[in-house]
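**Student:** Here's my sequence, what's the structure:
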Amino acid sequence: MKNTEKTIKYSIKQQFALIFIAVMVGSFGLCWIINNFFLEKYYIENKKSALEKAYSQINSAVMNGDISSEEFDLEFRKICDMYNLSIIIIDSQSNTIKATARDTERLIKRLYDNFFDMNVVNKQILYEKDNYKVAQLLDRATDTEYLEMWGVFDSGNMFLIRTPLESIRESASIANKFLAYVAIVATVISAVIIWLVTMRITKPIMQITDISEKMTHLDFDSKYESQGRNEIDLLGEYINDLSATLENTISDLKTANNELQRDIEKKEKTDEMRKEFLSNVSHELKTPIALIQGYAEGLKEGIDDGDPDTRDFYCDVIVDEADKMNRMVRKLLDLNQLEFGNDVISMERFDITALIRNFIQSANIIIDQNEVELKLQDSPPVFVWADEFKTEEVVRNYFSNAINHVKYDKIIEIKYCLISDEIGNRIRVSIFNTGDPIPEEAVEHIWEKFYKVDKARTREYGGSGVGLSIVKAIMESMNQQYGVINYTNGVEFWFELETK
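**Tutor:** Sure thing, here's the model as predicted:
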């Protein structure tokens, strides 16, 4: 599997934080630049408006004769205090009508200086109208820059209205410093808030990323815990649906692949079994066919010379070999049906002890002919679940195998053993015969078709080597256990059946 692990080059959290911080710093920086370059001019424009407003109000009061009233005094002080104005009004004899400062003489002098352009340094006329002028100038006596308006009211009284520009500059400087401090504090606080907010935003994204990364390794256990609040939660829910769909799809694919693999293996096994079957059958039938052919040719050529005994012997050999072939073919056909699963297993409940007793009664002639001592364990009826016909076939093959290999004391013993454990309740039936043990290297092969431990002896009693293969196929078709145990004085074959 390719390494799909990827690294994050640019974190969304960092990008969000940097972008927001940069925007904030840029915004505050732009505000500071605008303040630094334009705030003073803005203040001066406001002061010009204040001067014109003061002129209009005072001129109106003078024309209405209200200049000496208390109401005007209050309004006059309010205008002066609000806009930081110094005002003086004089008549044609230079008598002071209204003044805001104690140093009225200096204001009168400034008024005459403006009218006659005397003692004024760096005077800059901003604009002028019929009754007044507005100028920005430097007062040489105080070395202070002022914004001044002077002229004549409609009543003929002369006036001077002035305001210092240093206070404007100081206010602008203070405002810029304050803005800088606010910008620094706001940037720090905003950076922390933005960092926390981006962490809250990117946490579910990272969770979805981790889930996606695990999905690339076919790990579908992790699920996104959705709060159902926003688009990211909706994406997480779809990721969960995608994970479940992929898991089910992969499960279905694995199941289908496993079934396909089993079908392939079954086909390969079937092909191999066919080849093995043909090879073994051809090998096993070769000898009896050769014998039948040879003796038949002998009869045809008159080798018996008319001797009835010789002719009967030849005929007996032919019949015997044909019978062996017939029995072997029938066994092979039965085995073939079992191995290919074409034979139906019929599970029934029957008494296994009665089945074995009936079989022994039918085999008494063979037992007597071979001079065998049979020991059959007494047992009450034991009912089992199995295919009765096939169970009898297992008993027949085991007993036939015992008859053919019994030696020495010539004892065959049939025993029962009831077993109850975590597997279940069952009975073990064992058939023991005295004789030579099976060689250890041959034990694992005795269940194979056509395998013969002693080929000469097997040929002697006409065995085909498929009896135990049939036992194996029958027991596996019923999903039951079977086996063999070697003893020093003989061999025991056994099988088990369920009792419940």
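
**Student:** which helices and strands sit right next to the helix or strand where residue 268 lies?
**Tutor:** Under the criterion of DSSP states H and E, residue 268 resides in helix 231-300. When contacts are defined as 3 or more Cβ pairs under 8 Å, 6 or more residues apart in numbering; DSSP states H and E, helix 231-300 packs onto helix 166-216, helix 308-339. From N, CA and C alone the C-beta is placed, and that goes for glycine too.

**Student:** between the ones you listed, which gets nearest to residue 114?
**Tutor:** Closest to residue 114 of those, according to Cβ to Cβ: helix 166-216, at 19.2 Å.

**Student:** Residue 471: how many residues sit nearby?
**Tutor:** 24 (other Cβ atoms under 10 Å).

**Student:** I should have written residue 211 there, sorry.
**Tutor:** Around residue 211 there are 20 residues (other Cβ under 10 Å).

**Student:** Run through the residues that contact the residue lying closest to it once chain neighbours are set aside.
**Tutor:** Closest residue in space to residue 211, ignoring its immediate chain neighbours: residue 222 at 4.8 Å, by Cβ to Cβ, 6 or more residues apart in numbering. By Cβ atoms under 8 Å, 6 or more residues apart in numbering, residue 222 lies in contact with 210-211, 214, 243.

**Student:** quick one on the thing from earlier: could you export the helices and strands packed on helix 231-300 as JSON lines, including mean pLDDT and distance to residue 78?
**Tutor:** Shown next, in JSON lines, are those (pLDDT from 0 to 100; distance: least, Cβ to Cβ, whole Å):
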{"stretch": "helix 166-216", "mean pLDDT": "77", "distance to residue 78": "18"}
{"stretch": "helix 308-339", "mean pLDDT": "72", "distance to residue 78": "119"}
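
**Student:** got those as a markdown table, with distance to residue 466 columns?
**Tutor:** Below are the helices and strands packed on helix 231-300 laid out as a markdown table (distance: least, Cβ to Cβ, whole Å):
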| stretch | distance to residue 466 |
| --- | --- |
| helix 166-216 | 54 |
| helix 308-339 | 5 |
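
**Student:** before we move on, back to that, measure how the helix holding residue 268 sits relative to helix 166-216, angle-wise.
**Tutor:** If you take axes from the mean of the first three to the mean of the last three Cα atoms, to 10 degrees, helix 231-300 sits at 10 degrees to helix 166-216.

**Student:** Out of the helices and strands in the chain, which is least certain?
**Tutor:** None of the helices or strands of the chain scores lower by mean pLDDT, DSSP states H and E than helix 455-460, at a mean of 48.

**Student:** Counting neighbours, what do you get for the closest residue to residue 325 other than its chain neighbours?
**Tutor:** Residue nearest to residue 325 in three dimensions, not counting chain neighbours: residue 288, with 5.0 Å by Cβ to Cβ, 6+ apart. The number of residues packed near residue 288 is 20, by other Cβ under 10 Å.

**Student:** swap in residue 472?
**Tutor:** If you count neighbours by other Cβ under 10 Å, residue 472 ends up with 19.

**Student:** Likewise for residue 269?
**Tutor:** By other Cβ under 10 Å, the burial measure for residue 269, its neighbour count, is 12.

**Student:** if we can go back for a sec, right, and the secondary structure at the residue nearest to residue 211 would be what?
**Tutor:** The local conformation at residue 222, judged by DSSP: H, G, I helix; E, B strand; the rest coil, is coil.

**Student:** what's the following helix or strand after the strand or helix carrying residue 123?
**Tutor:** For residue 123, the host element (DSSP H and E) is strand 120-128. Downstream of strand 120-128, the first helix or strand assigned by DSSP H and E is strand 132-139.

**Student:** Could you identify the helix or strand that succeeds that next one?
**Tutor:** Next in sequence after strand 132-139, counting helices and strands by DSSP H and E, comes strand 144-152.

**Student:** Other residues contacting that next one?
**Tutor:** Outside of strand 144-152, the residues within contact range by Cβ under 8 Å, 6+ apart are 44, 47-48, 51-52, 55, 110-111, 114-115, 122, 129, 131-139, 158-166.

**Student:** so where do the helices sit in the stretch 351-500 of the chain?
**Tutor:** Assigned by DSSP state H, counting those that start in this stretch, the stretch 351-500 of the chain shows helices spanning 352-362, 364-369, 388-405, 440-443, 455-460, 467-477.

**Student:** Could I get those in CSV, plus columns for distance to residue 194?
**Tutor:** As requested, the helices of the stretch 351-500 of the chain are arranged in CSV below (distance: least, Cβ to Cβ, whole Å):
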stretch, distance to residue 194
helix 352-362, 84
helix 364-369, 99
helix 388-405, 81
helix 440-443, 79
helix 455-460, 91
helix 467-477, 72
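
**Student:** And those helices: which comes nearest residue 199?
**Tutor:** Residue 199 lies closest to helix 467-477 among those, at 63.0 Å (Cβ to Cβ).

**Student:** what comes up buried for that closest one?
**Tutor:** For helix 467-477, the neighbour count (16 or more other Cβ atoms under 10 Å) marks 467-475, 477 as buried.

**Student:** and the least confident of these?
**Tutor:** In terms of pLDDT, residue 467 ranks lowest among the buried residues of helix 467-477, with 82.

**Student:** quick one: residue 98 from residue 23, how far?
**Tutor:** Separation of residue 98 from residue 23 (Cβ to Cβ, to the nearest Å) stands at 53 Å.

**Student:** tell me the domain ranges of this protein?
**Tutor:** What automatic domain parsing lists as the domains of the chain is 12-173, 344-498.

**Student:** Now those in CSV, please, with extra columns for distance to residue 302.
**Tutor:** Shown next, in CSV, are the domains of the chain (distance: least, Cβ to Cβ, whole Å):
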stretch, distance to residue 302
domain 12-173, 107
domain 344-498, 29
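
**Student:** still on that earlier bit, more neighbours, residue 98 and residue 23?
**Tutor:** Remark: of residue 98 and residue 23, residue 98 carries more neighbours, 19 against 12, as counted by other Cβ under 10 Å.

**Student:** Double-check that that one belongs to a strand.
**Tutor:** Yes - under the criterion used here (three-state DSSP), residue 98 sits inside a strand.

**Student:** Residue 16 - nearest residue in space that isn't next to it in sequence?
**Tutor:** Excluding its sequence neighbours, the residue lying closest to residue 16 (Cβ to Cβ, 6+ apart) is residue 198, at 4.2 Å.

**Student:** Please report how far the one you found lies from residue 224.
**Tutor:** In this view, residue 198 and residue 224 are 19 Å apart by Cβ to Cβ.

**Student:** Then residue 128?
**Tutor:** For residue 128, the distance to residue 224 (Cβ to Cβ) stands at 76 Å.

**Student:** which of these two has more neighbours?
**Tutor:** residue 224 (20 against 12).

**Student:** can you tell me which residues contact the more buried one?
**Tutor:** For residue 224, the contacting residues are 204, 207-208, 211, 233, 236-237, 239-240, by Cβ under 8 Å, 6+ apart.
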